[in-house]
Structures are given as C-alpha cells and as structure tokens.
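Q: missing the sequence, but the structure's below:
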Ligand code: COA
C-alpha cells in the first residue's frame, strides 16, 4: 500500500481586510455580536477584478514551488470550489492552462466547505492506485460573490481565499492514515445558493446543530480508525466556520485549546480554503512540524462532511525530533 501525503503547500488571501467595524457601517450588527457568536474579527475580500481562478493560480504556484515538483510532473488537477468563475469551464481547466501544465485531466469538485477534504481523498485514491503520481489539489472560494450583503445573519460569516497542496507518495509512517466522508442531501435545504438571485441562504440554527454533532463524531472516528487516541493527535485543524462549533469538536476530542488551529478571527469562513489556510498558518508559526499527527475535519453545504487523520511531512529527514 502506498503512503500518500502532502508534498508542498501554498496559500493566498486578498489584501483587502474587511473588519466587523466595517460591517457596522452597512448592516445592523456589531463587532461584539459577531465576535461573541462566531469568533470572527475580520475577513479578506477579493477585488472585483480578482476571480476565483486568479486566487487559485497564486496558491497553486506557491504549492508547486514548496513541493519541488515540476509542472511537467503534475498528472491531475482537482479544484474544490463552489464559487467558480463560470459554471464551465471549471476553475481546474483554467488553472491547467494558466499554470502551463501538460494536457492532464482537470476537474472541479463541489462539496462546499468540505471540498478540500473530499478532493484530498479523491487525489489520494488515484495515487494509491498507481494511476497518477502527483496531483495538484486546490481549495478556493470567493464567497463574497454570492454573499447577500443585506442579510446580517450570513454576510458577516464569510471571506475569500485559496489554499493548494501537491499530493504524492511519502515515506512509510507519513501521510494519510484514515479518513471518513459523508453526505446527507436531505439537509441541502439548510445551506444553498438561491436559484433566483444566486445568493447564499442559510438556516444557521440547523447548520450549527448538524456541525457540532458531526465535527466531533468524525474527528473521533478517524482518530480511532488510525489506531490513535486523542493523546496522539498533535493538532486538530477544523473547518473554520464558527469558533463555537470548532470548540465543540475540540471538546469532544478532549483536546486543549493550544492543540486546535484557529484562524477564524483573521479570515472568517473561507469555505474550501479554510483548512489549507489554517495548516499553512500553523506551519509558519511552528505549531505544525513534520512528524506531527493531525486531524483535519470539515462540514458544509450538501450537507457534506469529512475528516482525515494524517502524519504531516514526507520523510524522516524532515523531522527534527
Ligand atoms: N448581528 C447582530 N444580530 C444578528 C446577526 C448579526 N450579524 N445575525 C443574526 N442576528 C440576530 C438575529 O436576527 C436574531 O435576532 P432576533 O432574535 O431578534 O430575531 C438573533 O441574532 C439570533 O439569530 P439566530 O440566527 O437564531 O442566531 P444563532 O444563535 O443561530 O447564531 C449563527 C447565528 C449564524 C452565528 C449560527 O447559527 C451559526 O454559526 N450557524 C452555523 C453557520 C455556519 O457555520 N455556516 C457555514 C457552514 S460551512
């Protein structure tokens, strides 16, 4: 059995910071309410002339550079997004062209905020089967395109961003150890884009209840499937939707705050980008190192959910302890 992991990571967030105080100017809301109810302080919004694929290109270039894998060696491109530039062509098709990759297969995958986890697992199956060697996986969303800026209960939650990973074979003892994916289409009515105006609609209460239950359960499941206990997990990296949902998953895992990645205050909910953005943040500040065991866990529209337990890094030479 091949071990499949992340060979390199890259991210991008737009420069434009939109704070809770900026929202106070356009909606009947307050920094206090948003902070208390969600943990969000600010988020990034892409300018009109920067579309989803533009963010994806930058994150992907950075991931390629970080991985040391040449463009000519990428065999497949999967982009997790629900806010593509067009219905078609796919963002992945645009990316294949703009990165100058060979005429390899490229496709978008839609599992809303769970997208990056779905795409990592899809990529890993191709690699494990020996069909493809190196797969470029991107999680990217420009939620500001579909946010309803007249609805205070949803507009304040989201931000724009991109994260990319080059996935391939890693040494034994590294990479993905277990995963879980799921969906429950009957809950699709709780989070969707309106057919009339294309804007995001949500039943926050229902999504919250589902997320609190599922994030905890999936985290525990993948930890056990990997043969680990919570003590073995160095960091929980949850989808950044709401600090209260994240904390509920962490508490179910019986893990202290220091062992959970939290970037929600800075970026809000960046949908398919939130997990790679968080991993990158922790790598930069030294809180994730090669050899660390991580649980990535997410949920989103669909309703969908997924979790991965993996050991970060490619080989022993990278580990320092
Ligand atoms: N500022 C101030 N008040 C707000 C507000 C805002 N931005 N948004 C909603 N409110 C108000 C509501 O209007 C309501 O007022 P009312 O009681 O006078 O009618 C009150 O706050 C409670 O609203 P409700 O929607 O019931 O709150 P809630 O406890 O469910 O919290 C969320 C709202 C959005 C924070 C919460 O439901 C949530 O996080 N859900 C999950 C969403 C999510 O993760 N989505 C992404 C999935 S990937």
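A: Cool, got the structure. The structure displayed is predicted, hence computed values, not measured ones.

Q: use CA for all of it now, contacts and neighbours both
A: Noted.

Q: how far away is residue 319 from residue 161?
A: Distance, residue 319 to residue 161, by Cα to Cα, to the nearest Å: 29 Å.

Q: relative to residue 267, how far out is the residue of the stretch 201-321 of the chain found nearest the ligand?
A: In the stretch 201-321 of the chain, the residue that lies nearest the ligand is residue 204 (3.4 Å; Cα to the nearest ligand atom). Applying Cα to Cα, the value for residue 204 to residue 267 is 19 Å.

Q: who has more neighbours out of these two?
A: Higher neighbour count among residue 204 and residue 267: residue 267, with 28 against 13, using other Cα atoms under 10 Å.

Q: residue contacts, the more buried one?
A: Residue 267 makes contact with 40, 42-44, 158-160, according to Cα atoms under 8 Å, 6 or more residues apart in numbering.

Q: next up, the contacts around the residue nearest to residue 293 when sequence neighbours are not counted.
A: Among residues not flanking residue 293 along the chain, residue 311 sits closest, at 4.4 Å (Cα to Cα, 6 or more residues apart in numbering). Contacts of residue 311 were listed using Cα under 8 Å, 6+ apart, and they are 173-177, 290-294.

Q: tell me the two of the residues you listed that are most distant?
A: Pairwise distances across the contacts of residue 311 (Cα to Cα) peak at 14.8 Å, for the pair 177 and 290.

Q: compare these two (neighbour count), which wins?
A: Under the criterion of other Cα under 10 Å, the comparison of residue 177 against residue 290 puts residue 177 first, with 21 against 18.

Q: quickly find the element holding that one.
A: For residue 177, the element it lies in under DSSP states H and E is strand 175-183.

Q: next: residue 168.
A: strand 160-170.

Q: which elements pack onto whatever helix or strand residue 63 lives in?
A: When elements are assigned from DSSP H and E, residue 63 belongs to helix 52-67. In this structure, helix 52-67 makes packing contacts with strand 3-12, helix 91-98, strand 135-142, strand 160-170, judged by 3 or more Cα pairs under 8 Å, 6 or more residues apart in numbering; DSSP states H and E.

Q: and the second one, average pLDDT?
A: The predicted model gives helix 91-98 an average pLDDT of 98.

Q: can you list the strands that the next helix or strand after that helix pairs with?
A: Following helix 91-98 in sequence order, the next helix or strand is strand 106-109 (DSSP H and E). Under the criterion DSSP bridges, strand 106-109 sits next to strand 76-80 (parallel) in its sheet.

Q: could you check the angle helix 91-98 makes with the partner strand?
A: 130 degrees (axes from the mean of the first three to the mean of the last three Cα atoms, to 10 degrees).

Q: what's the offset of strand 76-80 from the middle of its chain?
A: Taking Cα atoms, centre = their mean, to the nearest Å, the mean C-alpha location of strand 76-80 is offset from the chain mean by 13 Å.

Q: got a list of contacts for the helix holding residue 63?
A: With Cα under 8 Å, 6+ apart, helix 52-67 has contacts from 7-14, 70-71, 83-85, 91, 94-95, 98-99, 136, 138-142, 161-166.

Q: how about 7 Å then?
A: 7-12, 83-85, 91, 94-95, 138, 140-142, 161-166 (Cα atoms under 7 Å, 6 or more residues apart in numbering).

Q: can you give me the buried ones in that helix?
A: Within helix 52-67, the residues that count as buried by 16 or more other Cα atoms under 10 Å are 52-65, 67.

Q: what does stretch 66-84 give?
A: 67, 69, 71, 74-84.

Q: quickly check: that stretch near the ligand or not.
A: No: judged by Cα under 6 Å from any ligand atom, stretch 66-84 and the ligand are separated, with a smallest distance of 11.4 Å.

Q: from the opening residue of that stretch to its closing one, how far?
A: End-to-end for stretch 66-84, by Cα to Cα: 25 Å.

Q: roughly how far out does that stretch sit from the chain middle?
A: 15 Å.

Q: and the chain, which of its residues are near the ligand?
A: 29-30, 33-34, 37-38, 113, 152-153, 156, 204-205, 207-208, 241-242, 299-300.

Q: what's the residue nearest to the spatial centre of the chain in contact with, if anything?
A: Taking Cα atoms, centre = their mean, the centroid of the chain lies closest to residue 275, which sits 3.3 Å from it. Residues in contact with residue 275 (Cα under 7 Å, 6+ apart) are 237-239.

Q: give me the distance between the closest residue to residue 307 other than its chain neighbours and residue 287.
A: Leaving aside its sequence neighbours, residue 307 sits nearest to residue 297 (Cα to Cα, 6+ apart; 4.1 Å). Distance from residue 297 to residue 287, counting by Cα to Cα: 18 Å.

Q: just the helices from this structure, written as ranges.
A: All helices of the chain, identified by DSSP state H, fall at 20-26, 31-38, 52-67, 91-98, 115-128, 152-155, 204-225, 243-252, 264-267, 274-284.

Q: mind giving me the packing neighbours of the longest one?
A: Yep, that's helix 204-225 we're talking about. With contacts taken as 3 or more Cα pairs under 7 Å, 6 or more residues apart in numbering; DSSP states H and E, helix 204-225 sits against strand 175-183, helix 243-252, strand 293-300, strand 304-311.
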